[in-house]
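S.K.: Let's see this in three dimensions:
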Amino acid sequence: MTAAALPILLAVQLLGGPEGNTEEGAEHFLEGRLEEALRAFARARDAHPEAPESDLNIAGVHYRLGEASPPGAAAEDPFAEAVRGYQAGLEAVAEDEKRRDGFFNLGNALYRSGAFREAAGAFAEAIAIDPEDTEARQNLELALRRADEQQSQEPQEGGGEDQQDHEDRQDEEDQQDEEDQQDEEDRQEQQEDQQEQRDQGDQQDRPEQQDRPEQQDGEGEENREPEPSGPETPEAPDQGPEDMSEPGEVPEITPEQAERILAALAEIERAYQEEQLERRRARALRRGRH
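M.R.: Next up is the predicted model:
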């Protein structure tokens, strides 16, 4: 077989045994009667428990059963059974040729189980016994390549999970920040509404200024009426007694003065309403409305 044809160059090699049950099992194995082969090798192991070849041959049957069964069909993974059998047999076998073949088959079973790094170690043991074993060398190269691929994939998968967890936590934190910001804006809006109501109440309770409107930042200086003269202002000699106001009395104003006062009051009210409108617009923009 070639490396391009199969991922594993050699599936299994049977090892000889001390009695007829081993020969019977080998015949069943070669004919594909794996259950009969398994029973024959089990009888050989019962008859000669000191012989490690029976464990190795039983492991070989489990390996072939794993090849013949679809994944997950058996309750126990046949390749895992094969790994345990090869490991048990290699603990007792002494001949180099049998140990070489045992490690080779163990490497195949480990490879089929997905333990690529351990499979490479088993093939390396076979090569240490026989450096000219080209099949073991090719299988070692294949196992090492698959082990590297497996190792390179594991951090990526774990990193993907870590990244997803980080994104989930970030989304939760962003949502919480938005909720906190909205709560703070609601509190500020409530405080501003309360302050607006208090300002409106104060304006309603404040008496109107009949003598002159309030001016801000020096605006309307040219429209401001002269204030009533104080005690230090000298009296005009031609002024009659009807032009003087008694202390505590509201001085009379002309219609033109009254019109200017009302216009100034209207301008103050308009400026106040525009200020309130701008504050509402600012709150709406903070909430994302336009």
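
S.K.: Residue 41 and residue 57, how far apart?
M.R.: Counting by Cβ to Cβ, to the nearest Å, the separation of residue 41 from residue 57 is 5 Å. Yep, even glycine has a C-beta here, placed from its N, CA and C like the rest.

S.K.: no wait, residue 88
M.R.: Noted for residue 88: a distance of 12 Å to residue 57, by Cβ to Cβ.

S.K.: Compare neighbour counts for these two and give me the winner.
M.R.: Ranked by neighbour count (other Cβ atoms under 10 Å), residue 88 and residue 57 place residue 57 first, with 30 against 15.

S.K.: Which positions within the strand or helix carrying that one qualify as buried?
M.R.: According to DSSP states H and E, residue 57 maps onto helix 53-68. Under the neighbour-count criterion of 16 or more other Cβ atoms under 10 Å, helix 53-68 has 53-66 buried.

S.K.: Can you list the residue ranges for helices in the stretch 51-200 of the chain?
M.R.: For the stretch 51-200 of the chain, the helices defined by DSSP state H, counting those that start in this stretch cover 53-68, 78-90, 96-112, 116-129, 134-205.

S.K.: Considering these, which stretch scores lowest in mean pLDDT?
M.R.: For the helices of the stretch 51-200 of the chain, mean pLDDT drops lowest on helix 134-205, to a mean of 77.

S.K.: Moving C-terminal from that helix, which element do we reach first?
M.R.: Counting by DSSP H and E, what follows helix 134-205 is helix 255-286.

S.K.: That following helix to helix 134-205, inter-axis angle?
M.R.: Counting by axes from the mean of the first three to the mean of the last three Cα atoms, to 10 degrees, helix 255-286 lies at 160 degrees to helix 134-205.

S.K.: what packs against helix 255-286?
M.R.: When contacts are defined as 3 or more Cβ pairs under 8 Å, 6 or more residues apart in numbering; DSSP states H and E, helix 255-286 packs onto helix 134-205.

S.K.: ok and the helix it packs on relative to helix 96-112, angle-wise?
M.R.: Going by the same axes, to 10 degrees, helix 134-205 makes 30 degrees with helix 96-112.

S.K.: Ok, which of the helices of the stretch 51-200 of the chain comes nearest residue 267?
M.R.: Closest to residue 267 of the helices of the stretch 51-200 of the chain is helix 134-205 (Cβ to Cβ; 14.7 Å).

S.K.: Which other helices and strands does that closest one contact?
M.R.: Judged by 3+ Cβ pairs under 8 Å, 6+ apart, helix 134-205 is in contact with helix 96-112, helix 116-129, helix 255-286.

S.K.: which ones are touching residue 122?
M.R.: If you count contacts by Cβ atoms under 8 Å, 6 or more residues apart in numbering, residue 122 has them with 103, 104, 106, 107, 110.

S.K.: Around the second one, how many other residues sit close by?
M.R.: Think residue 104. Residue 104 has 26 neighbouring residues, counting by other Cβ under 10 Å.

S.K.: Ignoring the adjacent residues along the chain, who's closest to it?
M.R.: residue 126 (4.5 Å; Cβ to Cβ, 6 or more residues apart in numbering).

S.K.: List the contacts of the one you found.
M.R.: Going by Cβ under 8 Å, 6+ apart, residue 126 touches 100, 101, 103, 104, 107, 133, 136.

S.K.: what about it, distance to residue 147?
M.R.: Distance of residue 126 to residue 147, computed by Cβ to Cβ: 17 Å.

S.K.: what does residue 128 give?
M.R.: Distance, residue 128 to residue 147, using Cβ to Cβ: 18 Å.

S.K.: same deal with residue 42?
M.R.: The gap separating residue 42 from residue 147 is 34 Å, by Cβ to Cβ.

S.K.: go on, residue 197?
M.R.: Applying Cβ to Cβ to residue 197 and residue 147 gives a distance of 76 Å.

S.K.: the more surrounded of the two?
M.R.: residue 147 (18 against 10).

S.K.: wait, isn't the more buried one in contact with residue 114?
M.R.: No: using Cβ atoms under 8 Å, residue 147 makes no contact with residue 114, being 10.2 Å away.

S.K.: coming back round to it: quick one: which of the contacts of residue 126 is nearest residue 273?
M.R.: residue 107 (89.0 Å).

S.K.: and the closest one, what does it touch?
M.R.: Contacts of residue 107 (Cβ under 8 Å, 6+ apart): 119, 120, 121, 122, 123, 126, 136, 139, 140, 143.

S.K.: Thanks a lot, catch you later.
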